[in-house]
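Participant: below are the sequence and a predicted model; questions follow.
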Amino acid sequence: MSTLGHAVAEPVREPDANRRRPGAIPGWIVFAGVGLLYLAMAMGFFATIWFTPGGPFSTALGVGGDPQLAIWFLRWQGFALAHGHNLLFTTYLDAPQGVNLMWNTTAPLLGVALAPLTLTLGGVFAYNVAETLGLASSAMAAFVMIRRYVRATDTIGTLAALVGGALYGFSPYMAAHALGHPPAVTLFTAPLMLLVFDDLFVRQVGRATRAGVALGVLAALQLLLWEELLLAEALVGAVGIVVLLAFSAVARPGEPLSTVVRQRWRHAARGLAAAFITFLVLAGGPLAIQFFGAQTVHGAVWAPNQFVTDLLAFVTPTPLQGVAPTFAARLSEHFSATIYEWSGYLGIPLLALLGYAIASLWSRAMSQAAALAGIFAVTGVFVALLSMGPLINVAGHTLPLPVALIALAIVFWVRWRVADRGVRRAARIMLWTFLAIWGATIFVPIVSDVIPARLMLFVFLFAGLVLAIWLDHALRKARAAGRSLTVRALPLALAGLALVPLFPRQPFPTMPLAVPSFFTTPALVNEVPAGSVALVAPFAYDWRLAVPMLWQSEAGMRFRMPEGFAWIPGPSYVPHRSALGDAMAGIAKSGSEPVMTSEAQLAYARDLRAWQVQTVIVGPMGNQDQMVRFFSDLFGRAPSQEGGVYVWFGL
C-alpha cells in the first residue's frame with residue numbers, strides 16, 4: 001500500500017504487504033481481464049449503437065451539434081496527415097482566415113491515433129470508437145491508480161479497485177460528456193498524474209527526474225488531448241499539495257510548516273524541473289502555434305457563471321440517469337449548465353455511504369487507510385466547491401452570494417466545534433488556499449477558461465478512491481472476523497445500491513446522421529474544385545446548424561467553407577457577422593427572405609468575393625425552398641439539383 005497516508009511523516013519505502021504472493025495471478029492477466037471487462041461495460045453503456053446492425057457507422061452517440069463538431073475534428077487530423085496539412089491550423093473552416101485549432105477541442109493526439117479508422121471506416125465510426133474507448137481507458141487508469149492504495153494482490157483488493165475505477169469511468173460526468181465530447185471522456189491522464197504526484201511529493205522513493213519526466217510526458221499528452229483538463233489538473237495538483245500540508249498541520253500542530261516543506265522540496269523541485277523541461281520539449285511547438293500563430297484567440301471564451309454545478313445538482317438526478325423521477329428531471333432542466341454539463345449528480349445514497357465510510361475508517365485509531373480516505377475526501381469536497389463557480393446557484397437561480405461563503409462557513413464551523421490547535425490551523429490554511437484558487441478561476445486569464453462544472457470529474461475520482469479504500473478495509477475486516485459469506489458481501493451490496501442511481505438511461509441518446517449522397521458520391525462532389533471554397537446552407541450561425549461540417553467531413557474535405565463552429569479571434573464561436581451570413585441565418589430561422597435590393601446585392605457580392613466562394617450548396621434544412629429562391633434571385637439562375645442538394649457551380 002502506498003505511503004500517501006503517511007504524508008505527515010518522513011518519506012517511507014513501499015511496505016512489503018503489496019508484493020505479489022506466491023501463486024497469485026500475474027498482474028498482466030489481472031490488467032487484461034479488467035481492461036476487457038471495462039471495455040464490455042463501455043459497449044453496454046452505448047449498446048444503442050454497438051448492438052444495432054450498422055449503428056456505429058451511421059448513428060452518433062449524443063445529441064445536438066457537438067457530435068458533428070467532434071467528427072469534423074477527428075476527420076481533419078486524418079485528412080491533414082494524408083495530405084500534408086498542418087494538424088493544428090486549418091483554413092477549411094472560416095475561410096480564408098482559418099482557425100487556430102489549439103484554441104478548440106480538436107484533440108489532435110486522439111485524431112492521429114484514430115486516423116486509420118477515420119480514413120478507412122469513416123469519421124462517424126471513429127467518433128463512436130473514441131467515445132467508447134474513452135470511458136474504458138479512463139476506468140482502467142483509475143483502476144491502476146487505486147491499486148496503489150489498496151492491497152491489490154488478492155481478490156478483495158482487486159474488487160475494491162474495480163469498483164472505484166468503474167465509479168470514475170462510468171460516472172454521470174461521463175454520461176453527460178459522452179453526448180458529444182470525446183476529449184472530455186478520455187481522462188486516463190488524471191489518475192496517472194495522481195500516481196506521479198504521490199511519487200514526487202509523498203513517497204519520494206527513486207529518482208525524482210524519472211517521475212518528473214513521466215509527469216512531463218503525461219502533461220504533453222493531455223495538452224494534445226484536451227488542454228482544459230491540463231489546466232484543471234494543475235489546479236487540483238495545487239489543491240492536493242495544500243491538503244497534504246493541512247494534514248501535516250493536524251498531525252504536528254507545534255511544528256512549523258516550513259520544516260515539512262524543507263524536508264521534501266528538493267526532491268519535488270528536481271522532479272518538477274524535469275517535468276517542465278520535458279513538457280516544453282514535447283509541447284513547445286503546439287504552444288507556439290496557439291499563442292503566437294495565426295488566428296490566436298484573446299480574452300475569456302466563457303462567461304464566469306455560465307457552466308457551474310448547481311447546489312442541488314449533487315443530489316438531483318437528471319434525465320441522463322436511468323432512475324430520475326419526473327419532478328427531479330424537471331428541476332434539473334433549470335440548472336444553468338446545459339445537458340452536456342449535467343455532471344454533478346452524486347446521489348444521496350452514495351453521499352451517505354461515503355460519509356459512513358469516512359466515519360467508519362476514522363472511528364478507531366488513525367490508520368493508513370483512514371488517513372488516505374481523509375485526504376481524498378477533503379480534496380474532493382474542495383474541488384466540488386470549486387465546481388460551483390463564482391456564485392451559488394440553487395435550482396437554476398443565481399444568488400448574489402459567492403461560493404466562498406460556503407468554504408467560510410465550513411471553516412467557522414470547524415473552529416467552533418473543534419478545539420484541536422492543529423485542526424484549526426489546517427482549516428485556516430484550506431480557507432486561504434480556497435480563496436486564492438477560487439479567485440484565480442474567475443479573474444486570472446487562461447485559468448478562467450476552465451469550466452467549473454467540469455471539475456466534477458475529479459470529485460468522482462476521489463469518490464472512487466474513498467469507496468475503494470473503505471471496501472478494501474470492510475471486506476478484510478469481515479473476513480478476519482470469520483463472518484458468513486452473506487455478511488462478508490454486505491459492503492459490496494451497499495456499494496452496489498449506492499451506485500445504482502448513477503446508472504445512465506437506456507437507450508443512451510443517439511442521433512442518426514443522414515448525409516446527402518452528393519457529399520459521399522465522388523462523381524458528384526468532385527465537380528467542386530478540390531480545395532476551393534464552397535458556401536453551404538444552412539449557414540453555421542447557430543450551434544444546432546453544424547451539419548455542414550459533417551457534410552464537409554463526409555466529402556473527404558473536398559472543399560473549404562467560410563463558416564463553421566470553432567473559436568476564432570473575438571473571441572467568437574461562430575463566424576463574424578456579415579450581410580450574406582445574416583441573410584442566410586434569417587432564412588434558416590424564420591423563413592423570411594430579405595428584399596433583394598441593389599445595395600443588398602452589392603453587400604452579398606462583397607462577401608462572396610471576400611470568402612473566395614466558387615460554389616454554393618443548399619442541403620436539406622428548414623425553409624429550404626426559401627433559401628433556394630434567395631440564391632436563385634441573387635445569381636439570376638436556377639441551381640443544379642443532384643444528390644439531394646441544390647448547387648450553383650462556377651461562381
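Facilitator: Received, thanks.

Participant: from here on, contacts and neighbour counts on C-alpha atoms
Facilitator: Noted.

Participant: residues touching residue 348, list them.
Facilitator: Applying Cα atoms under 8 Å, 6 or more residues apart in numbering, we find residue 348 in contact with residue 315.

Participant: could you measure from it over to residue 490?
Facilitator: Computed as Cα to Cα, to the nearest Å, the residue 348 to residue 490 distance reads 19 Å.

Participant: equivalent analysis for residue 217, please.
Facilitator: Applying Cα to Cα to residue 217 and residue 490 gives a distance of 42 Å.

Participant: let me see the domain layout of the chain.
Facilitator: Domain assignment for the chain by automatic domain parsing gives 4-502, 517-648.

Participant: give me whichever of those domains is most buried.
Facilitator: For the domains of the chain, the largest average neighbour count (mean count of other Cα atoms under 10 Å) is found in domain 4-502, namely a mean of 20.

Participant: could you give the average pLDDT over that domain?
Facilitator: Summarised as a single mean, pLDDT over domain 4-502 is 92.

Participant: can you pull the contacts of the nearest residue to residue 59 once chain neighbours are set aside?
Facilitator: In this structure, residue 59 finds its nearest non-sequential neighbour in residue 512, 4.3 Å apart by Cα to Cα, 6 or more residues apart in numbering. By Cα under 8 Å, 6+ apart, the contact set of residue 512 is 58, 59, 60.

Participant: got phi/psi on residue 512?
Facilitator: phi -70, psi 140 (degrees, to the nearest 10).

Participant: go on, the one 4 residues further on?
Facilitator: For residue 516, the backbone dihedrals are phi -50, psi 140 (criterion: degrees, to the nearest 10).

Participant: what of residue 623?
Facilitator: Torsion angles, degrees, to the nearest 10, at residue 623: phi 60, psi 40.

Participant: now the nearest residue to it once chain neighbours are set aside: how far from residue 611?
Facilitator: Closest residue in space to residue 623, ignoring its immediate chain neighbours: residue 591 at 5.4 Å, by Cα to Cα, 6+ apart. Using Cα to Cα, we find residue 591 at a distance of 24 Å from residue 611.

Participant: could you do residue 347 as well?
Facilitator: Applying Cα to Cα to residue 347 and residue 611 gives a distance of 51 Å.

Participant: check which helices and strands the helix or strand hosting residue 465 sits against.
Facilitator: Using DSSP states H and E, residue 465 maps to helix 456-480. Applying 3 or more Cα pairs under 8 Å, 6 or more residues apart in numbering; DSSP states H and E, we find helix 456-480 packed against helix 123-147, helix 155-169, helix 348-361, helix 368-386, helix 485-488, helix 490-499.

Participant: just the contacts of residue 512: which are in strands?
Facilitator: 59, 60 (DSSP state E).

Participant: for this protein, what's the longest helix?
Facilitator: helix 257-292 (DSSP state H).

Participant: all helices of the stretch 1-150 of the chain, in order?
Facilitator: Remark: helices assigned in the stretch 1-150 of the chain by DSSP state H, counting those that start in this stretch are 27-45, 47-50, 55-58, 66-83, 108-113, 115-121, 123-147.

Participant: could I get those helices as CSV with distance to residue 438?
Facilitator: Below are the helices of the stretch 1-150 of the chain laid out as CSV (distance: least, Cα to Cα, whole Å):
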stretch, distance to residue 438
helix 27-45, 34
helix 47-50, 39
helix 55-58, 41
helix 66-83, 29
helix 108-113, 30
helix 115-121, 39
helix 123-147, 26
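
Participant: before we move on, back to that, so can I have a markdown table of the domains of the chain showing distance to residue 508?
Facilitator: As requested, the domains of the chain are exported to a markdown table (distance: least, Cα to Cα, whole Å):
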| stretch | distance to residue 508 |
| --- | --- |
| domain 4-502 | 6 |
| domain 517-648 | 20 |
